[in-house]
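1. I'll drop the sequence and a predicted model, then ask my questions.
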Amino acid sequence: MAYRFLTSRVVPSSNRLTRKFLFIFTLSLSFTYLCYSLIFCSDTIMHGQSDEQHRCLLFQSVGSKKILQKSNYCTLSVDPKGTRDTTSKADLTRLETIQINNQSKNFPAVPFLDSPRGFGALDRKITNNNTGSPKFGNKKLPNAIIVGVKKGGTRAVLEFIRIHPDVRAVGTEPHFFDRNYDRGLDWYRGLMPRTLDSQITMEKTPSYFVTREAPRRISSMSRDTKLIVVVRNPVTRAISDYTQTLSKKPDIPTFEVLAFKNKSSGVVDTSWNAIRIGMYVLHLENWLQYFPLSQIHFVSGEMLITDPAGELGRVQDFLGLKRIVTDKHFYFNKTKGFPCLKKPESSSLPRCLGKSKGRTHVQIDQEVIEKLREFYRPYNIKFYEMVGHDFRWD
Ligand SMILES: Nc1ncnc2c1ncn2[C@@H]1O[C@H](COP(=O)(O)OS(=O)(=O)O)[C@@H](OP(=O)(O)O)[C@H]1O
């Protein structure tokens, strides 16, 4: 009909061939236009999505820095106002995991320090890499706390365990359950790093172990809190403690004067903190009023130096973590005389604890050491019995 219409109305007197050609030409022109419109429209719709997806996928295949920057771009494009993070939780988990895995693979290029600034800097570096992006995860109260003991090796344990991708830790000692309890749990939570649901939040404050109120306070925060205690021969610990105090206050009395009420009688002064801290069994009794023994893990301060991977393996088991921190992460630094973390290939910075860890101790009379050994022996034996492990300090 169309053909007849065209042949009769548009070209009434042309020859048959020309009319046929004109009809086919018009028809193909219309068809081409129709196809073009269809393809163009659908491409416009699809392009918006596929381009977005393509960008997001590309970003996931590059380094951790870019993952966060670009993923943020994906987020912003979904939420043009940029007022809230519209990235799905699954995406967040994946992105953060990739980032953290990259981080642990390369080892953070920040040296250990006495003060935890180095690691604080690392934390800041992670979040700042977002270039103003929303921070990932939430601040949570700690699931695990290194509660003691002072000079036991607590810094080493924290710095070694926090290279695990599923652990995030506060670098500084919060002293919440002893000095800052009045500030409240929100203040405490505010100090914590952001973590994903799959990650453990940790802190260390060695003075908790000897703080009478600490077990009750921690238990009222959460009865499920896992506790880690790094213990060390109490005599060596006391000397280490004294060496530290002496380095800050050179005018204090000698170790012997402080350690004994009366040196000739050999009565040990248990009111001196450096002595009292080492009476582990007494403090442990207080903790056991609030926590079952199964919720407390004891790290040997001695083994931590001779076999850090072994001790860290047990810490990871206790925390329910995959054993990722292994002997591959450590080497013995002869100059320092202690195990250190292996350097990342990209950095020449040392990965040992700072100068205040592994100090040369003040020289103490052998007779004094013997008296203190005798003093601690019954406490040590009770402690071994209670925890079911012989630390061989005698
Ligand atoms: N890898 C490694 N490097 C350096 N030092 C190590 C390490 N592992 C354990 N230690 C021992 O840790 C002791 C310090 O313990 P703390 O970190 O608990 O001290 S503190 O309470 O936080 O001040 C510290 O005590 P001193 O040797 O008396 O300085 C060390 O013996």
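-> In hand now; what should we look at? Residues are numbered from 1 along each chain as shown.
2. so residue 353 touches residue 153, yeah?
-> No: assessed by Cβ atoms under 8 Å, residue 353 is found out of contact with residue 153, at 9.4 Å. The C-beta positions use only the backbone N, C-alpha and C, and glycine is treated the same way.
3. ok, the two, which is more surrounded?
-> Set residue 353 next to residue 153 and count neighbours by other Cβ atoms under 10 Å: residue 153 wins out with 29 against 23.
4. do you know the pLDDT at that one?
-> In this model, residue 153 is scored at 98, pLDDT.
5. can you pull out the strands in the protein?
-> With DSSP state E as the criterion, the chain has strands at 138-139, 144-148, 167-169, 194-195, 200-204, 226-231, 260-262, 267-268, 296-300, 330-333, 338-341.
6. quick one, which of those strands is packed in tightest?
-> Greatest average neighbour count among those goes to strand 144-148 (a mean of 27), per mean count of other Cβ atoms under 10 Å.
7. now that one: mean pLDDT?
-> 98.
8. now residue 161: how far from residue 287?
-> As judged by Cβ to Cβ, to the nearest Å, residue 161 and residue 287 stand 20 Å apart.
9. let me fix that: residue 327
-> For residue 327, the distance to residue 287 equals 31 Å [Cβ to Cβ].
10. tell me which of the strands of the chain sits nearest to residue 379.
-> Within the strands of the chain, the stretch nearest residue 379 is strand 267-268; the backing value is 10.8 Å (Cβ to Cβ).
11. and for that closest one, what are the contacting residues?
-> Contacts to strand 267-268, defined as Cβ atoms under 8 Å, 6 or more residues apart in numbering, come from residues 259-261, 275, 371-372, 375.
12. partner strands of it, parallel or antiparallel?
-> Strand pairing for strand 267-268, using DSSP bridges, gives strand 260-262 (antiparallel).
13. now residue 383, nearest residue through space, not along the chain?
-> Once flanking residues are discounted, residue 383 sits nearest to residue 281: 4.2 Å by Cβ to Cβ, 6 or more residues apart in numbering.
14. that older thread, between residue 327 and residue 287, which is the more surrounded one?
-> residue 287 (23 against 13).
15. the closest residue to the more buried one other than its chain neighbours: how many residues sit nearby?
-> Nearest non-adjacent residue to residue 287, counting by Cβ to Cβ, 6+ apart: residue 215, 4.6 Å away. Residue 215: 24 surrounding residues under other Cβ under 10 Å.
16. do the same with residue 165
-> For residue 165, using other Cβ under 10 Å, the count is 21.
17. cool, and residue 356?
-> 13.
18. so how far is residue 235 from it?
-> Going from residue 356 to residue 235 by Cβ to Cβ gives 20 Å.
19. got a list of what the residue of the stretch 1-150 of the chain found nearest the ligand touches?
-> The nearest approach of the stretch 1-150 of the chain to the ligand comes at residue 150, 4.0 Å away (Cβ to the nearest ligand atom). By Cβ under 8 Å, 6+ apart, the contact set of residue 150 is 206-207, 209-210, 237, 241, 277.
20. what do you get for residue 315?
-> With Cβ under 8 Å, 6+ apart, residue 315 has these contacts: 157, 161, 228, 297, 299.
21. who does the nearest residue to the third one once chain neighbours are set aside bridge with?
-> Of all residues not flanking residue 228 in the chain, residue 146 sits nearest, at 4.6 Å (Cβ to Cβ, 6+ apart). The bridge-partner assignment for residue 146, based on DSSP bridges, gives residue 204, residue 228.
22. and the residue lying closest to residue 336 once chain neighbours are set aside, how close does it get to the ligand?
-> Among residues not flanking residue 336 along the chain, residue 352 sits closest, at 4.8 Å (Cβ to Cβ, 6+ apart). In this view, residue 352 and the ligand are 6 Å apart by Cβ to the nearest ligand atom, to the nearest Å.
23. what about residue 352, neighbour count?
-> 22.
24. cool, residue 185 as well?
-> Close neighbours of residue 185, defined as other Cβ under 10 Å, add up to 13.
25. now residue 394
-> Neighbour count for residue 394, taken as other Cβ under 10 Å: 12.
26. verify the contact between it and residue 377 for me.
-> Yes: using Cβ under 8 Å, residue 394 is in contact with residue 377, at 5.6 Å.
27. show me what contacts the closest residue to residue 373 other than its chain neighbours?
-> The spatially closest residue to residue 373, leaving aside those adjacent along the chain, is residue 235, at 5.7 Å (Cβ to Cβ, 6+ apart). Shown in contact with residue 235 (Cβ under 8 Å, 6+ apart): 278, 369, 372-373, 376, 393.
28. check the gap between residue 288 and the ligand for me.
-> Here the criterion is Cβ to the nearest ligand atom. By it, residue 288 lies 22 Å from the ligand.
29. make that residue 376, sorry
-> Distance from residue 376 to the ligand, by Cβ to the nearest ligand atom: 17 Å.
30. ok, that residue - contacts?
-> Taking Cβ under 8 Å, 6+ apart, we find residue 376 in contact with 234-235, 278-279, 393.
31. may I ask which of those has the most neighbours?
-> residue 278 (31 neighbours).
32. got a list of what that one touches?
-> Going by Cβ under 8 Å, 6+ apart, residue 278 touches 149, 234-235, 237-238, 376, 379.
33. for residue 369, what are its contacts?
-> By Cβ under 8 Å, 6+ apart, the residues touching residue 369 are residue 235.
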